[in-house]
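Novice: I would like the atomic coordinates for the input below:
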Amino acid sequence: MSPSNRPEVSAAAPGLEAASPCRQRRQMDPEAGQSRPKPFRTLAGLLLTALLLIASQGCLAQLEDGPARLHFYTLHYEPLPVAGETLPVILEIDPLTSGPNCDLTKMVYQDQELKRQEYDYHRWRAKPGPLLSSFLRRDLQESGLFKAVIPEESRTGPTHRLEGTVEEFYELDTEEGWFAVIETSLTLVDTRREDISGSVLMQRRYRIQEPAEAKTPKSVARAMSLASAELARQVAQDVHKILAESTGAAP
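Specialist: Residues are numbered from 1 along each chain as shown. Down below sits the predicted model:
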């Protein structure tokens, strides 16, 4: 091959290699090729670390304070006096059923936006239906307005029966304060009458609202006791008046 037809080859200086375009860019930019941390990933890592630290502190605090403890409440009050003559009736108090809004033992509260929620660690000893039934029967017994007040399972045959449902049993939170709310629907029946339609002597709805002294579940439980006492007083008064009229006795 003639010298004129040979490809030209550029010779590099001894000890040096011919620089490629990529190598030339690295030489021009010393930081080229280094892995730079992305700001988004760095921020996410910091947030994750902070969350883990907060969670670990919460776990440590819980271990120091011990596990959360359940608080149970019941009604506690003295029956309110109701004046009247003792009637010759045997009144049976059937267990009140708990409506769909209060068929549970957890304390229920409602805020101003009409949202209902439940406390995880504050509960009643029993559902509102059985709880109110027990105290209503006790209060009517101690009122002295009736010859006898008996439970459903009693062997004594009743002349009249009181039955119904607890519709509402909750804490109402407002700007003015917290309130205990009870709402029941009750029916008074004359068990001696064969005609079902004529046996119903009374069917009424009661709603009692009592303010709580403080914004705490314990204060609401006290207010619920006061509301229960007032409910029993009104029921005793109404039942006595209707039975006095039906039996011809003086109210």
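
Novice: Flag every buried residue along the one helix or strand Leu131 maps to.
Specialist: Element membership for Leu131, per DSSP states H and E: helix 128-143. Going by neighbour count (16 or more other CB atoms under 10 Å), the buried part of helix 128-143 is 128-129, 131-137, 139-141, 143. No exception for glycine: its C-beta is placed from N, CA and C like everyone else's.

Novice: Show me the contact partners of it.
Specialist: 74-75, 79-82, 84, 91, 93-98, 102-103, 124-125, 146, 149, 151, 165-166, 169, 182, 184, 228-229, 231-233, 235-236, 239-240 (CB atoms under 8 Å, 6 or more residues apart in numbering).

Novice: thinking again about what came up before, and of the buried residues of helix 128-143, the nearest to Gln203?
Specialist: Closest approach to Gln203 among the buried residues of helix 128-143 (CB to CB): Leu136, at 16.3 Å.

Novice: Of all residues in the protein, which one is nearest the centre?
Specialist: A centroid search over the chain (CA atoms, centre = their mean) returns Glu118, at 1.6 Å, as the residue closest to the centre.

Novice: Okay, domains of this protein per the record?
Specialist: Taking automatic domain parsing as the criterion, the chain consists of the domains 36-67, 71-247.

Novice: The last one spans what distance, first to last residue?
Specialist: By that I understand domain 71-247. Using CA to CA, to the nearest Å, the end-to-end distance of domain 71-247 comes to 46 Å.

Novice: all strands of the stretch 151-251 of the chain, in order?
Specialist: 160-173, 178-190, 200-211 (DSSP state E, counting those that start in this stretch).

Novice: would you turn those into JSON lines with distance to Leu114, mean pLDDT and mean neighbour count?
Specialist: Below are those laid out as JSON lines (distance: least, CB to CB, whole Å; pLDDT from 0 to 100; neighbours: other CB atoms under 10 Å):
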{"stretch": "strand 160-173", "distance to Leu114": "10", "mean pLDDT": "97", "mean neighbour count": "21"}
{"stretch": "strand 178-190", "distance to Leu114": "13", "mean pLDDT": "97", "mean neighbour count": "20"}
{"stretch": "strand 200-211", "distance to Leu114": "16", "mean pLDDT": "97", "mean neighbour count": "15"}
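
Novice: could the ones you listed go into TSV alongside distance to Met107?
Specialist: Below are the strands of the stretch 151-251 of the chain laid out as TSV (distance: least, CB to CB, whole Å):
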stretch	distance to Met107
strand 160-173	7
strand 178-190	10
strand 200-211	15
